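> Turn this into a structure:
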Amino acid sequence: MSIGVTDVRSNPQDQIAHAARVIGKSERCRRVFSAIYQGKKKVKAVSEIEGITGFDRMTILQEAGKLCNNDIAKKTKIGKKLAYEKYPFYTQNKHKVLRLAGNKEALDKFPTKTNPNIKGATISLTFSKSVVDAVQITVDGIDSFSKVKGLSPYQNSMPIDEKKFKEGIQKILGEQGNFQDWGGETDDLFSTRLLINGERMNVAFGFKGRGTTGVLTPRKMGKNADQIQRLFRAPADVFLVQYWDRIDESIIEQLKNSATAKSVYEGRRIYYGIIDGQDTLRILEAYTESFN
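Model prediction:
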């Protein structure tokens with residue numbers, strides 16, 4: 001069963017911002033979104049969208065597929081013809097989405113639960129320690145990486161191919177899903193099979209491959225330096241950032257702040273941590289068979 005737009009009533013601003021980020025500066029995606037949500041018809045066949053946009057079928061399938069994958073539209077059929085259905089929420093908020101899409105300044109000022117701005121001023125929140133349950137963790141404290149225990153940290157690190165490392169982590173976890181990278185993703189790898197203290201947990205990984213150089217800082221985390229913010233949108237219990245070299249303490253601070261906010265908001269324990277170059281090589285040595 002397909003479930004439409006998640007948690008709209010409690011999180012409408014985030015849903016609007018999410019759609020705006022997915023569409024971004026892509027004129028093709030913008031026009032396909034506009035075509036799907038044009039007029040009163042709830043469902044439009046691909047041929048109708050071709051007539052509205054002037055795009056060929058392949059272009060429409062690509063852009064509409066992006067919208068469907070992000071729960072901004074729904075793939076369906078009219079008879080035997082492929083079609084796309086609009087959601088009432090985005091029908092009502094179509095103009096807001098289009099106004100924010102591709103407008104970074106406006107989107108940054110748009111208040112959401114993950115970015116609570118009022119008139120451009122960011123609110124600073126202070127929480128009592130009694131309501132915060134955010135725990136920093138290392139690979140040594142994760143059952144799934146238990147083989148690294150007893151291995152001394154390497155003093156030198158080397159570039160690791162991100163795709164191969166991600167596939168190796170999947171093998172270690174026993175995760176058989178297929179994870180494709182794209183610009184609007186929340187995480188590079190999501191799994192429900194990480195073990196901590198004998199308990200199975202959801203984990204979201206953010207990987208930085210050898211295309212990034214030097215000490216990892218927040219400015220290198222995504223095109224808009226928002227990769228950690230996007231990472232914490234995943235429905236995970238554990239959030240880990242991996243990099244082949246040294247990770248600046250400001251990354252840990254960002255992880256801690258996001259984990260604290262998520263812990264308070266959702267009322268549960270959140271784990272966070274980093275896997276730097278030294279720990280990356282410890283994993284490679286301990287699980288050689290998983291990395292070929």
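> For the strand or helix carrying residue 164, give the mean pLDDT please.
Element membership for residue 164, per DSSP states H and E: helix 162-173. Computed over helix 162-173, the mean pLDDT rounds to 90.
> how many neighbours does residue 197 have?
8 (other C-beta atoms under 10 Å). Quick note: C-beta positions are derived from backbone N, CA and C, even for glycine.
> what's the nearest residue to it if we skip its chain neighbours?
Computed as C-beta to C-beta, 6 or more residues apart in numbering, the closest residue to residue 197 that is not its neighbour in sequence is residue 143, at 7.0 Å.
> I'd like the distance between residue 251 and residue 264.
21 Å (C-beta to C-beta, to the nearest Å).
> neighbour-wise, which of the two wins?
Shown here are residue 251 and residue 264; by other C-beta under 10 Å, residue 251 has more neighbours (23 against 17).
> List the contacts of that one.
216, 217, 218, 221, 228, 241, 274 (C-beta atoms under 8 Å, 6 or more residues apart in numbering).
> Secondary structure element holding it?
helix 249-266.
> Can you name the element that comes right after that helix?
Helix 249-266 is succeeded, C-terminally, by strand 270-275 (DSSP H and E).
> CA atoms only for stretch 26-42 - export them in PDB, please.
C-alpha atoms of stretch 26-42 as PDB (Å, rounded to 0.1, in the frame of the first residue of the first chain):
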ATOM      1  CA  SER A  26      16.000  22.300 -12.500                       C
ATOM      2  CA  GLU A  27      13.700  24.000 -15.000                       C
ATOM      3  CA  ARG A  28      12.700  20.600 -16.400                       C
ATOM      4  CA  CYS A  29      11.600  19.300 -13.000                       C
ATOM      5  CA  ARG A  30       9.800  22.600 -12.200                       C
ATOM      6  CA  ARG A  31       7.800  22.400 -15.400                       C
ATOM      7  CA  VAL A  32       6.900  18.700 -14.900                       C
ATOM      8  CA  PHE A  33       5.800  19.500 -11.300                       C
ATOM      9  CA  SER A  34       3.700  22.400 -12.500                       C
ATOM     10  CA  ALA A  35       2.100  20.300 -15.300                       C
ATOM     11  CA  ILE A  36       1.100  17.500 -12.800                       C
ATOM     12  CA  TYR A  37      -0.400  20.000 -10.500                       C
ATOM     13  CA  GLN A  38      -2.000  22.200 -13.200                       C
ATOM     14  CA  GLY A  39      -5.800  22.500 -13.200                       C
ATOM     15  CA  LYS A  40      -8.400  20.400 -11.400                       C
ATOM     16  CA  LYS A  41      -7.600  17.000 -12.700                       C
ATOM     17  CA  LYS A  42      -6.200  14.700 -10.000                       C
END
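> For the helix or strand harbouring residue 239, name the packing helices and strands.
Following DSSP H and E, one finds residue 239 within strand 238-243. Helices and strands touching strand 238-243, by 3 or more C-beta pairs under 8 Å, 6 or more residues apart in numbering; DSSP states H and E, are strand 199-208, helix 227-231, helix 249-266, strand 270-275, helix 277-286.
> any idea which helix or strand of this structure has the worst average confidence?
Least confident helix or strand of the chain, by mean pLDDT, DSSP states H and E, is strand 121-122 with a mean of 48.
> Could you list the buried residues of the helix or strand just after it?
Scanning forward in sequence from strand 121-122 by DSSP H and E, the next helix or strand is strand 134-136. Judged by neighbour count using 16 or more other C-beta atoms under 10 Å, the buried positions of strand 134-136 are 134, 135.
> Strand 134-136 - what's its average pLDDT?
Mean pLDDT, strand 134-136: 96.
> cool, stretch 32-49 as well?
94.
> quick one on the thing from earlier: which residues touch the strand holding residue 239?
137, 165, 194, 196, 201-208, 212, 216, 221, 228, 231-232, 247, 251, 255, 258-259, 270-277, 280.
> how about 6 Å then?
With contact meaning C-beta atoms under 6 Å, 6 or more residues apart in numbering, strand 238-243 is reached by 194, 201, 203-208, 216, 231, 271-275.
> in its sheet, what does it sit against?
strand 199-208 (parallel), strand 270-275 (parallel) (DSSP bridges).
> need these in a markdown table with mean pLDDT and mean neighbour count, can you?
Formatted as a markdown table, these follow (pLDDT from 0 to 100; neighbours: other C-beta atoms under 10 Å):
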| stretch | mean pLDDT | mean neighbour count |
| --- | --- | --- |
| strand 199-208 | 94 | 20 |
| strand 270-275 | 96 | 24 |
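> Looking at the residue nearest to residue 198 when sequence neighbours are not counted now. What's its pLDDT?
Residue nearest to residue 198 in three dimensions, not counting chain neighbours: residue 143, with 6.5 Å by C-beta to C-beta, 6+ apart. As predicted, residue 143 sits at a pLDDT of 97.
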